[in-house]
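Visitor: no sequence on this one, just coordinates:
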């Protein structure tokens with residue numbers, strides 16, 4: 001049971017900003033298979049604040065969150081995240097906060113991704 005508490009601590013560390021009060025009883029763990037499953041959890045009302053969306057969560061509930069980590073082939077196989085039964089009650093924001101620095105940062109990152117795509121295409125073309 002110690003492992004369940006340690007896993008609950010780690011899940012809380014990474015998902016604690018989004019999920020309220022993770023308990024080891026809500027976890028189902030299959031270590032050797034690389035499966036961690038959370039069931040019947042409530043979302044925090046401020047879970048989406050970092051995304052600057054035009055709504056807030058009034059109530060949020062998640063029936064099942066399943067994460068599969070392929071321990072033996074971590075670099076060659078994908079990590080899979082499955083979400084089932086996501087229920088949200090949303091409320092429109094009356095005040096919209098515009099952050100010019102955040103907007104500029106997103107625009108810069110978007111441009112850099114385009115540049116990387118062009119550079120990668122150029123490298124692939126030069127190989128052939």
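Guide: Sure, I can see it. Everything numeric in this text was worked out from a predicted model, so none of it was measured.
Visitor: Surely residue 77 is in contact with residue 71?
Guide: No. With contact defined as Cβ atoms under 8 Å, residue 77 and residue 71 do not form a contacting pair (9.7 Å). No exception for glycine: its C-beta is placed from N, CA and C like everyone else's.
Visitor: which stretch of helix or strand covers residue 38?
Guide: Per DSSP states H and E, residue 38 falls inside strand 35-42.
Visitor: Show me what that strand is packed up against.
Guide: When contacts are defined as 3 or more Cβ pairs under 8 Å, 6 or more residues apart in numbering; DSSP states H and E, strand 35-42 packs onto helix 2-15, strand 27-30, strand 55-68.
Visitor: which regions of this structure lie under the pLDDT threshold?
Guide: Flagging of the chain using pLDDT under 70 yields the residue ranges 1-5, 7-8, 31, 96-97, 128.
Visitor: Could you pick out the longest helix of it?
Guide: For the chain, the helix that runs over the most residues, judged by DSSP state H, is helix 100-127.
Visitor: burial measure for residue 18, as a count.
Guide: Residues near residue 18, counting by other Cβ atoms under 10 Å, number 17.
Visitor: The longest helix of the chain: how far from the chain's middle?
Guide: Chain-centre distance of helix 100-127: 23 Å, with Cα atoms, centre = their mean, to the nearest Å.
Visitor: again with stretch 73-83
Guide: Counting by Cα atoms, centre = their mean, stretch 73-83 comes out at 13 Å from the chain centroid.
Visitor: Check stretch 17-26 too.
Guide: With Cα atoms, centre = their mean, you get 14 Å for stretch 17-26.
Visitor: Mind listing what's buried along that stretch?
Guide: With burial defined by 16 or more other Cβ atoms under 10 Å, the residues of stretch 17-26 counted as buried are 18, 19, 22, 24, 26.
Visitor: and that stretch, how far apart are its ends?
Guide: Taking Cα to Cα, to the nearest Å, stretch 17-26 runs 17 Å from one end to the other.
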